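[1] Following is a predicted model, sequence given first.
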Amino acid sequence: MGHNESSILTSARAIVECMKIEAIEKVFCVPGESYLPVMDAILNEPSMKLVSARHEGGASFMAEGYAKATGKPGVVMATRGVGGSNLAIGVHTAYQDSTPLVVFLGQVHSSFRGREGFQEIDLAHFFSPITKWTVEIDDPARIPELVQRAFRIAQTGRPGPVVVSLPEDLLTKKTIMEFQKPTVRPRPAPSKQETMLVEKYIQNAERPLIIAGGGVKMADAEDTLIQFAEKCNIPVMAAFRRHDVFPNDHRLYAGHLGLGTDTGVVQTVKEADFILSIGTRLSEITTQDYTIFNREQTLVHMDINDGILGKVFAPNVGIVADAKEGLEAFLALKVVPSWNNWTVKRREVYQSSLSPTATNNCNHRIIGILQTHLPGNAIITNDAGNFAGWLHRYYQFNQKQTYIGPTSGAMGYGLPAAIGAKLAHPGRTVVSLSGDGGFLMTMQELETAVRYNIPVISIVFNNRMYGTIRMHQEMRYPFKTIGTDLGNVPFADMAVQLGVMGFYVKTPEEFEQALIGALECEEPALIEIESDAEQISVSSTINQIRQRSADQS
């Protein structure tokens with residue numbers, strides 16, 4: 001069917017047609033009787049594949065990871081209030097991570113609405129705080145209009161999640177459906193006045209800095225950012241969990257603004273007198289609890305969404321622009337760099353942060369083994385947790401589109417996001433890193449990987465605790481452990497029972513052999529690493545945290 005054509009279709013078939021117009025190839029779900037007609041319509045659409053997960057939270061993370069890996073909207077489906085509640089974590093992640101996501105939720109029969117029917121929730125109200133838009137469709141003829149609008153809203157401006165509620169009786173009704181063209185993303189560019197101001201501010205700077213975020217990735221502007229940074233000889237830092245926005249081995253890369261960032265790297269931002277912030281909302285973590293800017297600095301903030309500008313810090317110049325259009329405009333700036341010593345020094349500070357401390361050498365070596373053996377274009381995903389500190393500190397992301405992580409800090413994210421990424425890029429190696437706490441939240445999706453033959457590699461750091469929370473607990477209530485110790489879970493054995501290649505290792509040498517085996521086997525694999533519970537973070541052991549508390553008291 002061509003665009004702008006009319007046909008008599010069921011609502012379910014029309015929804016699938018809208019997805020087809022947007023070139024959607026994968027749909028993630030946990031099935032529900034409330035939207036069986038949509039599933040049936042997908043079965044009859046050869047260009048589309050349904051991936052049925054073991055939990056709606058896993059399905060939503062898969063869709064969100066798939067969207068990050070492709071730049072196209074992820075699509076996830078679930079049933080009514082119960083399925084919708086379970087997948088809300090993926091919706092929240094997409095909202096904080098600016099990921100295009102379209103969520104279809106079956107809803108109770110129209111004639112039962114408002115009676116607290118079986119599994120009924122007012123889905124539009126339930127999701128409105130964590131979405132760009134929510135809509136419940138009650139007229140079949142409006143399916144094309146509203147569903148295509150949902151895809152448009154999810155993808156344009158600052159991308160994000162949209163929830164579409166579908167009453168059960170709507171889906172089988174037939175009517176004339178009229179479809180529109182697929183979404184075209186607007187790409188605003190800076191005005192001449194804005195670019196002239198930017199030129200003036202850069203030229204007057206002595207210590208300029210660029211902070212680059214997800215907007216650069218969404219605009220496919222990584223290469224343009226390299227060109228601009230090189231032209232002006234300006235150091236570049238990555239916003240929280242956007243490591244791959246700029247090659248980490250480049251002479252201008254100055255570090256990642258995340259959790260537990262090296263103090264010297266944080267100092268780079270504090271010492272800068274001019275900051276160009278591109279495509280980042282300057283989150284709490286990127287800004288180290290909103291502390292790293294000061295009034296003496298000149299801030300130019302460029303983002304595709306005007307609501308971002310001035311939300312955290314009032315900029316000297318706020319520019320509403322697509323990151324690629326903006327950077328291409330900046331390539332024409334007449335800037336003569338005079339800050340080479342600054343640029344060299346900030347790179348040296350970053351490189352010195354890569355040296356391991358004596359206490360965390362084991363995990364540092366594990367990251368080094370990953371660096372040695374993974375292909376340059378391998379995609380790494382990760383859960384939330386302190387184990388990620390070693391990845392964030394020591395792994396070098398030297399190619400674009402090689403990292404997918406939750407800026408929302410969602411546990412259970414790593415494995416399902418890896419499954420989504422592998423479906424997006426079947427020819428690339430995809431590895432997830434998790435702690436034992438987060439991994440067991442979505443471990444059941446290993447079975448999904450086996451069932452659909454999706455060969456992802458899961459690395460699980462098992463220290464038998466909720467480590468991040470334990471760290472904070474020890475800092476505030478030393479020696480008083482409650483709720484953070486976990487039992488022993490035989491992850492490698494469980495993986496084998498699920499049909500996954502399982503490895504259990506205790507040393508970096510054993511890990512290296514397991515990784516080589518996992519890379520060769522071309523089927524889902526899991527490597528469980530027996531981790532030292534004492535080494536609670538990149539910078540501290542539990543005893544060191546307790547000692548600091550004792551010294552302060």
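    Nice, thanks for sending it over.

[2] Next up, the contacts around I404.
    Neighbour list for I404: G65, K68, A69, I379, I380, T381, A417, A418, A421 [criterion: C-beta atoms under 8 Å, 6 or more residues apart in numbering]. Bear in mind the C-beta positions are built from the backbone N, C-alpha and C, glycine included.

[3] And the pLDDT for it?
    Turning to I404, the model gives it a pLDDT of 96.

[4] likewise E5?
    So E5 comes in at 69 (pLDDT).

[5] hmm, back to that, next step: the contacts of I404 restricted to strands.
    I379, I380, T381 (DSSP state E).

[6] of all the contacts of I404, which comes closest to T99?
    K68 (5.7 Å; C-beta to C-beta).

[7] and the closest residue to that closest one other than its chain neighbours, how far is that from I380?
    Closest residue to K68 apart from its sequence neighbours, by C-beta to C-beta, 6 or more residues apart in numbering: I404 at 4.8 Å. I404 sits at a distance of 7 Å from I380 (criterion: C-beta to C-beta, to the nearest Å).

[8] for P524, same thing?
    Separation of P524 from I380 (C-beta to C-beta): 16 Å.

[9] more crowded one of these two?
    The residue with more neighbours, out of P524 and I380, is P524; 30 against 25, by other C-beta atoms under 10 Å.

[10] can you give me the helices for the stretch 351-500 of the chain?
    361-373, 388-394, 414-424, 436-442, 445-451, 467-476, 491-497 (DSSP state H, counting those that start in this stretch).

[11] Can you tell me which of the ones you listed has the worst average pLDDT?
    helix 467-476 (a mean of 81).

[12] List the buried residues in it.
    Across helix 467-476, burial judged by 16 or more other C-beta atoms under 10 Å covers G467, T468, R470, M471, Q473, E474.

[13] before we move on, what about stretch 234-249?
    234-248.

[14] quick one: that stretch to chain centroid distance?
    15 Å (C-alpha atoms, centre = their mean, to the nearest Å).

[15] just stretch 373-389 next, same as before
    So, by C-alpha atoms, centre = their mean, the centroid of stretch 373-389 is 12 Å from its chain's centroid.

[16] Show the end-to-end separation of that stretch, please.
    20 Å (C-alpha to C-alpha, to the nearest Å).

[17] In it, which residues are buried?
    Under 16+ other C-beta under 10 Å, the buried positions of stretch 373-389 are 374, 378-389.

[18] What of stretch 481-500?
    Quick answer for stretch 481-500 (16+ other C-beta under 10 Å): T484, L486, V489, F491, A492, M494, A495, L498, V500.

[19] Any figure for the gap between the second one and R464?
    Counting by C-beta to C-beta, the gap between L486 and R464 amounts to 5 Å.

[20] and for those two, which residues touch both?
    D436.

[21] gap between stretch 534-552 and the chain center?
    30 Å.

[22] what's the longest helix in this structure?
    Secondary structure of the chain read by DSSP state H shows that its longest helix is helix 80-97.

[23] tell me what that one is packed against?
    helix 56-70, strand 74-79, strand 101-107, helix 123-127, strand 161-167 (3 or more C-beta pairs under 8 Å, 6 or more residues apart in numbering; DSSP states H and E).

[24] mind listing what the second one pairs with, with the direction of each?
    What it means is strand 74-79. strand 26-29 (parallel), strand 101-107 (parallel) (DSSP bridges).

[25] tell me the mean pLDDT over that strand?
    On average, strand 74-79 scores 96.

[26] relative to helix 414-424, how tilted is it?
    120 degrees (axes from the mean of the first three to the mean of the last three C-alpha atoms, to 10 degrees).

[27] for the last one, same thing?
    Orientation note: strand 161-167 sits at an angle of 90 degrees relative to helix 414-424 (the same axes, to 10 degrees).

[28] so strand 161-167 versus helix 56-70, what angle?
    Going by the same axes, to 10 degrees, strand 161-167 makes 130 degrees with helix 56-70.

[29] Quick check: mean pLDDT of strand 161-167?
    Strand 161-167 comes out at a mean pLDDT of 95.

[30] Check the fourth one too.
    Mean pLDDT, taken over the full extent of helix 123-127, equals 84.

[31] quick one on the thing from earlier: just say which of the strands paired with strand 74-79 is most tucked in.
    Sort these by mean neighbour count, taking mean count of other C-beta atoms under 10 Å, and strand 101-107 sits at the top with a mean of 28.

[32] low pLDDT regions in the chain?
    Where the chain drops to pLDDT under 70, the residues are 1-5, 108-120, 357-360, 553.

[33] And it, what are its domain boundaries?
    In terms of domains, the chain is parsed into 6-178, 192-352, 358-552 (source: automatic domain parsing).

[34] wait, what's in contact with I529?
    I366, I459, V460, F461, N462, V505, K506, F511.

[35] and if you look at L415?
    Contacts of L415 (C-beta under 8 Å, 6+ apart): 58, 381, 383, 432, 434, 439, 442-443, 445-446, 449, 456, 458.

[36] how about those in CSV, adding distance to P208?
    Formatted as CSV, the contacts of L415 follow (distance: C-beta to C-beta, whole Å):
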residue, distance to P208
G58, 43
T381, 33
D383, 35
S432, 36
S434, 38
F439, 41
T442, 42
M443, 46
E445, 44
L446, 47
A449, 45
V456, 40
S458, 41
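
[37] Since that was my last question, I'll sign off now.
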